[in-house]
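Asker: here you go, sequence then predicted model.
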Amino acid sequence: MVAAGGILARFGNSINIGPMNTSEETFSPIRWVDDHLQLLDQTKLPREEVWLECRELEDVAGAIRRLSVRGAPAIGVTAAYGLVVAMLEADETGEVKEQFDHVSDYLEQTRPTAVNLRWALEQGRGVFESAVEKGRSAVIEALLSWAHGLHAADIEANRRLGAHGAELFAREDRVLTHCNTGALATAGYGTALGVIQAARAAGRLSMVWVDETRPLLQGARLTAWELQRLGIPYRVVTDSSAGSLLSQGLVDRIVVGADRIAANGDTANKIGTYPLAVLAERHGVPFYVAAPISTIDAKTPTGTEIPIEERDPQEVKEVFGTAVAPQEAEAVNFAFDVTPNELITAIITDVGVLQPPFRDSIAQALAAAS
């Protein structure tokens, strides 16, 4: 352990990118079958389990845009496989580098806030450049091997993250979480929900308060679905219930995920996260952010520079095709908000638990991880 401004847990070993190797009990919403990608369509859950067949670039890009696949780590791994899909689809007689540049740029525009998307594409470019002189077949083989490795590495990173986070819990804790951060939002196991799963396994968690998470109800639909499968006690609440729960002393800690963490610790996450951090500060409840080290963006100094995606206002005015506001009503649909670092108790990562001042502990973590 180190003092404030450092990392509480010991660093794990560096990740070795190798062949896909996940345990059978690990559920993943992403899978490569024969010569194509399959994605669990999360817009259909919990009513039905539908797997999308992605054989073309637009299949992958469309799945990311419409949130069939969502969560920063899951988007990054999906984009990695998307590069393979696109190279398989590409014209064999065309210029391979120009095709790769187009594909990479196209995928990067699908979700601007989630930094894992850009991070994966930058890694993919390095893999491409190391193999391109050997021809298109070599590029495809190298990219697929790398994507499998990234997939397996994310699952292992999430397990380490969960173990680090579980140590912060006390026996019979009640935790509140927002949006969905389980296996569905990652390559498998989960970030904030991975922490919750690990804490439960260690006998340190009694139940979970699940924010419904408007407008697309990722909490009510997806987090509840995952907790049900895991056998973890939970209750779904409206987003606006958080203040009441905290004021009654019914929440012992809050754990959320992240789509991008700036170099100073400011964190972008699903809209509604910032108010939870303010309420946690008011009531003296620990507020944790859980995310792999790959979600930290050293190139973004503070949260002010994080681009905030605005989605279709119709998502606010409808719930699964049923109008909940007049069609003439104007709406705004911010997908994320930014929580200032001073409201965050700790950032739980796969390489340890980072403490304030975050600029120092983040720099130390990134240096060790590299």
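Answerer: Arrived safely.
Asker: for the helix ranked longest in the chain, packing partners?
Answerer: Counting by DSSP state H, the longest helix found in the chain is helix 136-166. Applying 3 or more CB pairs under 8 Å, 6 or more residues apart in numbering; DSSP states H and E, one finds that helix 136-166 contacts strand 30-33, helix 72-89, helix 96-108, helix 115-131, helix 192-201, strand 287-290, strand 346-349, strand 352-354. Using the backbone N, CA and C atoms, a C-beta is placed for each residue, glycine as well.
Asker: strand partners (parallel or antiparallel) of the first one?
Answerer: Pointing back at strand 30-33 there. strand 36-40 (antiparallel) (DSSP bridges).
Asker: check the offset of the strand it pairs with from the chain's centre.
Answerer: Chain-centre distance of strand 36-40: 18 Å, with CA atoms, centre = their mean, to the nearest Å.
Asker: got the CA coordinates for that strand in CSV?
Answerer: The C-alpha trace of strand 36-40 is given here as CSV (Å, rounded to 0.1, in the frame of the first residue of the first chain):
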residue,chain,number,x,y,z
HIS,A,36,-17.9,-13.5,-38.4
LEU,A,37,-18.8,-11.6,-35.2
GLN,A,38,-21.9,-12.2,-33.1
LEU,A,39,-23.3,-9.6,-30.7
LEU,A,40,-26.0,-10.0,-28.1
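Asker: that older thread, average pLDDT across the longest helix of the chain?
Answerer: Average pLDDT, helix 136-166: 96.
Asker: likewise stretch 322-341?
Answerer: Here the average pLDDT along stretch 322-341 is 97.
Asker: show me what counts as buried in it.
Answerer: Within stretch 322-341, the residues scored as buried using 16 or more other CB atoms under 10 Å are Asn333, Ala335, Phe336, Asp337, Val338, Thr339, Pro340, Asn341.
Asker: what are the phi and psi angles of Arg253?
Answerer: Backbone geometry at Arg253, expressed as degrees, to the nearest 10, gives phi -160, psi 160.
Asker: closest one to Arg214 out of the buried residues of stretch 322-341, please.
Answerer: Distance to Arg214, by CB to CB, is smallest for Asn333 among those, at 10.0 Å.
Asker: ok, now how distant is the residue nearest to the closest one when sequence neighbours are not counted from Leu67?
Answerer: Computed as CB to CB, 6 or more residues apart in numbering, the closest residue to Asn333 that is not its neighbour in sequence is Arg311, at 4.5 Å. Computed as CB to CB, to the nearest Å, the Arg311 to Leu67 distance reads 9 Å.
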